[in-house]
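Engineer: fold the following.
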Amino acid sequence: MLDNCRNARERWGGVSELIDRWLKERQELLVHYCDLSGTSDYSQTDVLSAKFIRLCEVLVDYVSAGHFEIYDQLVQEAREFNDGGLELAARLYPRIEQTTETALNFNDRLNGQSLSESEIRELFEQLSELGETLESRFEMEDYLIEHLHNAHAEKVISSA
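Structural biologist: Okay, the predicted model is just below:
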């Protein structure tokens, strides 16, 4: 029994570390987003192109980590604790998937290349929509973390 408790703590403790790294990536994403969103001079196309490219690199990394690492771990945890988390995930994942499409579409507009001033202006118009989409996504992800992971933290600790 003690081995099972240790295994649970090791397993879900690893999820906590994974989530912590992912949330640091989110913070980096927000830093790049805020750096761009405060811009009003669109004439420095090389500098702004580089900033948009970096934003998109971090954006794609963040979105990918969510889909290919974090969500799988959260679903596995929900499955093992069997306390309604799978239903919650089934309701939220399609909505999160929509935000992924918006993020990837924004990324595809850059295609890793330098942009003209008019293309940069268009991206700035879409940056606000991306920000709203990310805000919605972050709220849903936080809700999933709270209800699929943090809700089980005491169970893991108390079973030790």
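Engineer: give the buried residues for stretch 133-146.
Structural biologist: 133, 134, 137, 141, 144, 145 (16 or more other C-beta atoms under 10 Å). (Glycine included, C-beta is placed from N, CA and C.)
Engineer: quick one: which of those residues sit in helices?
Structural biologist: 133, 134, 137, 141, 144, 145 (DSSP state H).
Engineer: now the helix or strand harbouring residue 65: buried residues?
Structural biologist: Assigning secondary structure by DSSP states H and E places residue 65 in helix 45-65. Neighbour-count burial for helix 45-65, counted by 16+ other C-beta under 10 Å, picks out 48-49, 51-53, 55-56, 58-60, 62-63, 65.
Engineer: circling back: now pLDDT and distance to residue 111 too, for the buried residues of stretch 133-146, in JSON lines please.
Structural biologist: JSON lines is the format used below for those (pLDDT from 0 to 100; distance: C-beta to C-beta, whole Å):
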{"residue": "133", "pLDDT": "96", "distance to residue 111": "20"}
{"residue": "134", "pLDDT": "96", "distance to residue 111": "21"}
{"residue": "137", "pLDDT": "96", "distance to residue 111": "23"}
{"residue": "141", "pLDDT": "92", "distance to residue 111": "27"}
{"residue": "144", "pLDDT": "88", "distance to residue 111": "31"}
{"residue": "145", "pLDDT": "86", "distance to residue 111": "32"}
